[in-house]
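Asks: Can you look at this prediction? I've put the sequence above it.
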Amino acid sequence: MQTVKMVVTGTFSAGKTEFIRSISEIDVVQTERKITDPDEQIKESTTVAMDFGRITIDDDLVLYLFGTPGQRRFDFMWKILSEGMLGFVVMVDSTRAETFQESKRILDTFRTYAPTPFVVVANKQDHPDAWEPSDLRIVLRIDPEVKVLPCVAFEKESVKTVLLELLYSILDSLEEEGESS
């Protein structure tokens, strides 16, 4: 059986935990803690180490999803979680322009960890004030060959579309590696 490790990263409250929770076939392993800082009261809790979910694609392929903490004070976990990843998802809260610069920093950081395929996700596309994926591409200065995908993290089909796009990119990359060897 082939296993594929994917990392789901992004800023605080971008939707990483919900993204994994909506698709995982197992109860998501979470390391959440109650938020006590009044400046961070967008939600009640935050991931402090990781989220973990699993999806069986078929008898031969299983995806392992590792969600990173979004707060900078827990970013030491990013490198640990990125070890062995075959691809990653950068979740962007497309309703909060004040997080875009941090999203770009996270993207650039993960690109230094490993030369693996990745996709950028414009989450919260169900909100009327959400930025379009094409506009996010411009603001975040994302190369044309990188996929910037719309998503609603609590909708299983939306998450499935994102993960399939990343999986196809990973499989293409592995195929290219095999041909060059």
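Replies: Sure, I can see it. For clarity, every value in this text was computed on a predicted model and none was experimentally measured.
Asks: helix, strand or coil for S173?
Replies: What DSSP: H, G, I helix; E, B strand; the rest coil gives for S173 is helix.
Asks: That one and D27: what is the separation?
Replies: 31 Å (Cβ to Cβ, to the nearest Å). C-beta: built from backbone N, CA, C; applies to glycine.
Asks: Now do the strand or helix carrying F110: everything it contacts.
Replies: In the assignment (DSSP states H and E), F110 maps to helix 100-113. Residues from elsewhere that reach helix 100-113, judged by Cβ atoms under 8 Å, 6 or more residues apart in numbering: 7, 9-11, 14, 72, 75, 78-79, 82, 85, 88, 90, 92-93, 118, 120, 136, 139-142.
Asks: just the angle between whatever helix or strand comes next after that helix and helix 100-113, please?
Replies: Using DSSP H and E, the helix or strand that directly follows helix 100-113 along the chain is strand 118-123. Comparing the axes of strand 118-123 and helix 100-113 via axes from the mean of the first three to the mean of the last three Cα atoms, to 10 degrees yields an angle of 160 degrees.
Asks: check contacts around I23.
Replies: G53, I55, L65, K156, V159, K160, L163.
Asks: Work out for me the element the closest residue to it other than its chain neighbours sits within.
Replies: Distances taken as Cβ to Cβ, 6 or more residues apart in numbering put V159 closest to I23, at 4.5 Å, once the chain neighbours are dropped. If you go by DSSP H and E, V159 is part of helix 156-180.
Asks: ok, back up a step: need the contacts of I23 in TSV with neighbour count, pLDDT and distance to Q101, can you?
Replies: Output for these, formatted as TSV (neighbours: other Cβ atoms under 10 Å; pLDDT from 0 to 100; distance: Cβ to Cβ, whole Å):
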residue	neighbour count	pLDDT	distance to Q101
G53	24	92	28
I55	20	94	32
L65	25	95	26
K156	12	96	30
V159	27	97	25
K160	13	96	29
L163	22	96	26
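Asks: Thank you, goodbye.
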